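Participant: Build me a structure from this.
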Amino acid sequence: MPTISEIKKDTERRMHTSIEALRTELKHLRTGRASVSLLEGIMVEYYGTPTPLSQVANLSAPDATLLLAQPWEPSLCPAIEKAIRTSDLGLNPASDGRIIRIPVPSPTEERRKEIVKKAHALLEHTKVELRHHRHESNEKVKKEANASTISADEEKRTLDEIQKLTDKAVGDVDAILKAKETEILAR
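Facilitator: As a prediction, this is how the structure comes out:
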């Protein structure tokens, strides 16, 4: 049986993992400024195997409106172009056979609102995960109380502490989203 402190530490660790996953997902959302992290989720067909773009090409952002992808093998240019076009980023790459130029236009107001909606959906998913972590931990604490390994007072105190962890985590994800929303809507 896990101890109460182990339950709290595990809850905190799992909530932290969920928050970091949200941060990672939000990096992929376009804000109007060219960033190599924008291309992180793109997979390229490489000898029949889906491979991350960063493992088949050198990626760079020479200025705020352009990304460059220089494949290790020039024969990959068409596959990389296709992967970028079919992603939901709305980017239109152009290749000269050696280097792929990916202009990153400023998103329209409508596109910015779509991106914010997507960010809100990611936030809601993360909040559901956090509540799920809380629920699992509360069940473990109640199991300990039913087995009479902890007192009723300790059970209540632990449940309150888990709720405080959850409230803090929800506040953190709200703050992360607010910052990302500001970044997306800024012109």
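Participant: Can you give the domain ranges for the chain?
Facilitator: The chain breaks down into these domains under automatic domain parsing: 4-27+108-185, 36-103.
Participant: As a check, name the ranges of all helices in this structure.
Facilitator: Counting by DSSP state H, the chain has helices at residues 4-27, 77-86, 109-146, 152-185.
Participant: now these in CSV, with distance to residue 41?
Facilitator: From N, CA and C alone the C-beta is placed, and that goes for glycine too. Below are the helices of the chain laid out as CSV (distance: least, C-beta to C-beta, whole Å):
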stretch, distance to residue 41
helix 4-27, 9
helix 77-86, 10
helix 109-146, 13
helix 152-185, 16
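Participant: Turn these into CSV, including mean neighbour count, mean pLDDT and distance to residue 103.
Facilitator: Compiled in CSV, the helices of the chain are given as follows (neighbours: other C-beta atoms under 10 Å; pLDDT from 0 to 100; distance: least, C-beta to C-beta, whole Å):
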stretch, mean neighbour count, mean pLDDT, distance to residue 103
helix 4-27, 16, 90, 20
helix 77-86, 17, 89, 11
helix 109-146, 16, 90, 15
helix 152-185, 15, 91, 19
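Participant: what about the ones you listed, which gets the closest to residue 58?
Facilitator: Of all the helices of the chain, it is helix 77-86 that lies closest to residue 58, at 11.4 Å by C-beta to C-beta.
Participant: In terms of secondary structure, what does the closest one contact?
Facilitator: The contact analysis (3 or more C-beta pairs under 8 Å, 6 or more residues apart in numbering; DSSP states H and E) places helix 77-86 against strand 43-46, strand 66-71, strand 94-95, strand 100-103.
Participant: which residues sit against that helix?
Facilitator: Contacts to helix 77-86, defined as C-beta atoms under 8 Å, 6 or more residues apart in numbering, come from residues 39, 42-46, 53, 56-57, 69, 71, 91-95, 97-98, 100, 102.
Participant: Stretch 87-106 too?
Facilitator: By C-beta under 8 Å, 6+ apart, the surrounding residues in contact with stretch 87-106 are 30, 32-34, 38-39, 41-42, 57, 64-71, 74, 77-78, 80-81, 84-85, 107, 111, 187.
Participant: swap in stretch 136-152?
Facilitator: With C-beta under 8 Å, 6+ apart as the criterion, stretch 136-152 contacts 1, 2, 4, 7, 8, 10, 11, 154, 155, 158, 159, 162.
Participant: what about residue 147, neighbour count?
Facilitator: Counted with other C-beta atoms under 10 Å, the neighbours of residue 147 add up to 9.
Participant: For the residue positioned nearest the centre of the chain, which non-adjacent residue is closest in space?
Facilitator: Of all residues in the chain, the one closest to the mean position by C-alpha atoms, centre = their mean is residue 25, 1.7 Å from it. Leaving out its chain neighbours, the residue that sits closest to residue 25 by C-beta to C-beta, 6 or more residues apart in numbering is residue 122, at 5.1 Å.
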